[in-house]
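Student: Attaching a predicted model along with its sequence, questions to come.
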Amino acid sequence: MLENLRRAWKVGDLRARILFTAGMLVIFRVGAHVPVPGIDSKIIQEMFKEGSLFGLLDLFSGGALKAFSIFAMSITPYINSSIIMQLLTMVIPKLEQMQKEGDEGRRKIQQYVRYGTVVLALIQAIGMSIGLRTAVIRPGFWSYLVISVSLTAGTAFLMWLGEMITDRGIGNGISLLIFAGIVSRLPSGAGNIYQYLVGGRISFFNLLLLLAIGVLVIAAVVLVQEGQRKIPVQYAKRVVGRKIYGGQSSFIPMKVNQAGVIPVIFAASVLAFPVTVASFFHTGWAATIERYFGFRTPLYTILYALLIVFFTYFYTAVTFNPMDVANNIKKYGGFIPGLRPGRPTAEHLGRILERITLPGAIFLALIAVLPNFVMIVTDIPGLYFGGTALLIVVGVALETMKQIEAHLLMRHYQGFVK
């Protein structure tokens, strides 16, 4: 693997992409420490109690929320805007037609997502500035305006940063920003566990048990993320002039977890939004929402798991269309043995997709709610870096590695996986 990394570094284009991605991530980490003007950070830090929802949100933002920097809202408004636009695409015929127009249509939809991100970010920023008015040094209209504009600009900049990484770097930019935020919190998390160990809060056996569970979870995540069912496809021979094309066998790889880590990120963002807004107010309805929908409450855990299952099916349906795949197979003279091309092939692929998506969705949900049970078993409090974080870190690392391998294979180098 070290030899392949050395070869990857020798490829000029690939080296430039890696360096560009690293540079953008450095800018992200620097921006996470640029404070929003007019806010008393000491009051903000008092809100981060052990086991609260703010701890999970701070994990995703890489500490930007606790420091209340310009990146405090992280990329959550962009994710929510993407969810809303994908739902609208399924119900509004004009948007659905636009999506089928190819790259041009997708660029228009992406532009709508950007506009939606700014609007949602502004709404959330206004709510945060008013809800955290006790931390505002000089309360007033202009102070709230400066705070709201700073937070909105920070989210817009993160959105641009993620898109630049996707276009000119390696991997999915938005996922890599979340990945970098989670990984940046590892040292502080390890330090907290060390303090628990030294102070006698936990035993060495608890630490070993936590490490063993972590290794097993990582192995299970890799196994499921890489698991796939290969659908055999046979291509008929075609004679074009004096050359013969086709006649070979291939397969369609249908992954057990076709949606990757996107459902986990979507579900966490959807549930975090109403609870975060409610936490800024001190009314009866806000207290009710915090009591029943608070982080790690039974209702929150159940809704979290159900939303992950829903978004797994939803995102899989968006990214994998059995009819389009069947038509492409038919277009190039292929067929699945024992099935007629066209609709029978599409129905067969749809049935397989439904069956293999269910275990993948249930696995994602179980891993995401795992920290609740790990805290009980290991007796280690405040485990933010749990199943959700592991899913994102491992999933993003695998996808990024695959992109690097694809660049190597295009240049006739051997990839990472033999």
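Tutor: That came in fine, so what should we check first? Numbers count the residues shown, from 1 in each chain.
Student: what about the stretch 301-418 of the chain, any weak spots by pLDDT?
Tutor: Counting by pLDDT under 70, the ranges of the stretch 301-418 of the chain that qualify are 378-379, 381-387, 411-418.
Student: can you map out the strands along the stretch 101-250 of the chain?
Tutor: Secondary structure of the stretch 101-250 of the chain by DSSP state E, counting those that start in this stretch: the strands cover 228-235, 238-240, 243-245, 249-255.
Student: buried stuff in the first one?
Tutor: In other words, strand 228-235. 231, 233-235 (16 or more other C-beta atoms under 10 Å). To be clear about C-beta, it is placed using only N, CA and C from the backbone, and glycine gets the same treatment.
Student: before we move on, back to that, in a markdown table: the strands of the stretch 101-250 of the chain, plus mean pLDDT.
Tutor: A markdown table is the format used below for the strands of the stretch 101-250 of the chain (pLDDT from 0 to 100):
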| stretch | mean pLDDT |
| --- | --- |
| strand 228-235 | 83 |
| strand 238-240 | 60 |
| strand 243-245 | 60 |
| strand 249-255 | 82 |
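Student: Rebuild those as JSON lines, extending it with distance to residue 33.
Tutor: Output for these, formatted as JSON lines (distance: least, C-beta to C-beta, whole Å):
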{"stretch": "strand 228-235", "distance to residue 33": "41"}
{"stretch": "strand 238-240", "distance to residue 33": "61"}
{"stretch": "strand 243-245", "distance to residue 33": "58"}
{"stretch": "strand 249-255", "distance to residue 33": "38"}
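Student: do you know which of those strands lies nearest residue 199?
Tutor: Proximity of the strands of the stretch 101-250 of the chain to residue 199 was assessed by C-beta to C-beta; the nearest stretch is strand 249-255, lying at 44.3 Å.
Student: Quick one: residues contacting residue 25.
Tutor: Residue 25 makes contact with 165, 176-177, 180 under the criterion C-beta atoms under 8 Å, 6 or more residues apart in numbering.
Student: Please disregard the earlier target; I meant residue 119.
Tutor: Counting by C-beta under 8 Å, 6+ apart, residue 119 has contacts residue 81.
Student: Pull up the gap between it and residue 91, please.
Tutor: 19 Å (C-beta to C-beta, to the nearest Å).
Student: How about the contacts made by the residue nearest to residue 322 when sequence neighbours are not counted?
Tutor: Using C-beta to C-beta, 6 or more residues apart in numbering and skipping residues adjacent in sequence, the residue nearest residue 322 is residue 349, 3.9 Å away. Remark: with contacts taken as C-beta under 8 Å, 6+ apart, residue 349 is in contact with 231, 252, 254, 322, 325-326.
Student: most surrounded residue in these?
Tutor: When the contacts of residue 349 are compared by neighbour count (other C-beta atoms under 10 Å), residue 326 ends up highest, at 25 neighbours.
Student: From what I see, it and residue 342 are in contact.
Tutor: Yes. Contact status for residue 326 versus residue 342: in contact at 6.2 Å, counting by C-beta atoms under 8 Å.
Student: related to what we said a few turns ago, between the contacts of residue 349, which is closest to residue 262?
Tutor: When the contacts of residue 349 are compared for distance to residue 262 (C-beta to C-beta), residue 254 wins out at 17.0 Å.
Student: which ones are touching that closest one?
Tutor: For residue 254, the set of contacting residues under the criterion of C-beta under 8 Å, 6+ apart consists of 228-231, 320, 349, 352-353, 356.
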